[in-house]
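Colleague: Next input, structure requested:
(2 chains)
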Amino acid sequence: MAELNVEIFVNGEPRRVPVGHTVLGLLTDLELNGRLVVVELNRQILRRGELPEVGLEAGDRVELVNFVGGG
Amino acid sequence: MTTLLSEAERQTFDEPLRIADRTFRSRLIVGTGKYADHEEMLSAIRASGAEMVTVAVRRVDLDASNRESILHYLDPDEFFVLPNTAGCYTAEEAVRYARLGRAAGLTDWVKLEVIGDRETLLPDTDALLEATRILVEEGFTVLPYTNDDLVTALRLEEAGAAAVMPLGSPIGSGLGLLNPVNIRILKDRLGLPLIVDAGVGTASDACLTMEQGADGILMNTALAEAERPELMARAMRHAVDAGRLAYLAGRMPRREWAVPSSPLEGMLS
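Modeller: Numbers count the residues shown, from 1 in each chain, chains lettered A, B, ... in the order given. Alright, predicted model coming up:
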């Protein structure tokens, strides 16, 4: 099964996702779909419309950010 | 909520605060950090009367993704949400955070912080200028947190900042306005709105700051770390109004000798 999974990094933590998984699929797995989350893939910000189209590849670095309390 | 001034009264002698293409009735801007919970935050913000509130950009907590987002509490019809770049130590990092904040789709405004020292959280003004230039070029409305140095402020103005936000004293220190003279110099020389950001500890600090001619104040810890944030927020609202009124009224000159208030004539012989 190992070859059917690839390792990516989500917010710095390693995570395995199926080959061909999309960014939207990842957000759904994390129960973040529909939340106001900004996605950065390898330092590039993705537009909302791109999320179902962009596939994840081994070694990808995904950052999922949102707003928190701050001054 | 009782207010010091009705909106109609205020309009007879004061202008609203104008920054870039927006106007604000309140001259108080507040942060959303360090509150015990979102309910306490919201009650304090409402008591402060602030219309503009700051938020930080951080990684989603993947272990608590079912928790309500802060935006659930900050209705965009009630508050103008200003993302910040707090915690950034280089221009590159601050630009990255600013872009992430804009990508959330709420605003192209950013409160720009580039910190230069971990102990004092004082700004790295070289990096701040560099990041301001980049973000202005990209169409951001940039509100930079800076020190109270006139030359840096003038450079920020030249670079296209929409306001200049000097500190009163270090972030989270509550030491108040350490150098009122610098704030008066900045007010005198800048064409941009002057928002004192950081250092206010209690209501008298806010009042003193506004008396120097600051166009507004941004504060967070003074409210969030008060024993009763909602009461302190109300005090701050009145203090900002009182300080603003005193500034507009024009204070009497200082003298180092006494001048009697009662007539010298008519005394009994």
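
Colleague: Could you list the low-confidence segments of the chain?
Modeller: Let's take chain A. Residues of chain A meeting the criterion pLDDT under 70: A:1-3.

Colleague: The intended chain is chain B.
Modeller: Applying pLDDT under 70 to chain B flags the ranges B:1-3, B:65-66.

Colleague: For it, give the strand that spans the most residues.
Modeller: When every strand of chain B is counted residue by residue (DSSP state E), the longest turns out to be strand B:52-59.

Colleague: do that one and chain A meet at all?
Modeller: Yes - using CB under 8 Å from any CB of the partner chain as the criterion, contacts between strand B:52-59 and chain A involve B:54, B:55, B:56, B:57, B:58, B:59. Every residue, glycine included, has its C-beta placed from N, CA and C.

Colleague: measure residue B:144 to residue A:15 for me?
Modeller: Here the distance between residue B:144 and residue A:15 works out to 37 Å (CB to CB, to the nearest Å).

Colleague: Filter the residues of strand B:52-59 next to chain A down to the buried ones and hand me the ChimeraX line.
Modeller: Typed into ChimeraX, the line below selects the buried ones among the residues of strand B:52-59 next to chain A, using 16 or more other CB atoms under 10 Å in any protein chain shown:
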select /B:54,55,56,57,58
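
Colleague: ok, the residues of strand B:52-59 next to chain A vs chain A, which is closest?
Modeller: Distances from these to chain A were compared by CB to the nearest CB; the smallest belongs to residue B:56, at 2.6 Å.

Colleague: And for the nearest residue to the closest one once chain neighbours are set aside, the neighbour number?
Modeller: Spatially, and ignoring its direct neighbours in sequence, residue B:56 is nearest to residue A:70 (2.6 Å; CB to CB, 6 or more residues apart in numbering or on different chains). The criterion is other CB atoms under 10 Å in any protein chain shown. On that basis, residue A:70 has 24 neighbouring residues.

Colleague: dump the residue contacts of residue A:70.
Modeller: In this structure, residue A:70 makes contact with B:31, B:32, B:33, B:54, B:55, B:56, B:58, B:84, B:86, B:220, judged by CB atoms under 8 Å, 6 or more residues apart in numbering or on different chains.

Colleague: picking that back up, with respect to residue A:8, which of the residues of strand B:52-59 next to chain A is nearest?
Modeller: Taking CB to CB as the measure, residue A:8 sits nearest to residue B:59 out of these, at 15.0 Å.

Colleague: Show me the beta-bridge partners of the closest one.
Modeller: Using DSSP bridges, the bridge partners assigned to residue B:59 are residue A:65.

Colleague: my read: it touches residue A:11, true?
Modeller: Yes - Residue B:59 lies in contact with residue A:11 (CB atoms under 8 Å); the separation is 4.6 Å.

Colleague: In contact with residue B:193, which residues are there?
Modeller: With contacts defined as CB under 8 Å, 6+ apart, the neighbours of residue B:193 are B:17, B:18, B:19, B:162, B:163, B:164, B:215, B:216.

Colleague: out of those residues, which touch chain A?
Modeller: When CB under 8 Å from any CB is taken as the criterion, no member of the contacts of residue B:193 contacts chain A.

Colleague: Which of the residues you listed fall within strands?
Modeller: For the contacts of residue B:193, the ones inside strands are B:17, B:18, B:19, B:216, with DSSP E as the criterion.

Colleague: Distance of the residue lying closest to the second one once chain neighbours are set aside relative to chain A?
Modeller: I take that to be residue B:18. With CB to CB, 6+ apart as the criterion, residue B:18 has its nearest non-adjacent residue at 6.9 Å, and that residue is residue B:193. Distance check for residue B:193 against chain A: by CB to the nearest CB, to the nearest Å, it reads 18 Å.

Colleague: Could you measure from residue B:193 over to residue B:124?
Modeller: Residue B:193 is 23 Å from residue B:124, by CB to CB.

Colleague: Spell out which residues of chain A are next to chain B.
Modeller: For chain A, the contact set with chain B under CB under 8 Å from any CB comprises A:10-13, A:30-32, A:35-38, A:40, A:43, A:45, A:47, A:63-71.

Colleague: Buried among those residues? Need that as a selection in PyMOL.
Modeller: With 16+ other CB under 10 Å as the burial test, the buried ones among the residues of chain A next to chain B are selected in PyMOL as follows:
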select buried, chain A and resi 10+11+30+32+35+37+38+40+45+63+64+65+66+67+68+69+70+71
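
Colleague: residues from the stretch 151-269 of chain B in reach of chain A?
Modeller: Where proximity means CB under 8 Å from any CB, the interface of the stretch 151-269 of chain B facing chain A comprises B:171, B:172, B:198, B:218, B:219, B:220, B:221.

Colleague: let's see it at 10 Å
Modeller: Counting by CB under 10 Å from any CB of the partner chain, the residues of the stretch 151-269 of chain B close to chain A are B:171, B:172, B:197, B:198, B:218, B:219, B:220, B:221, B:223, B:224.
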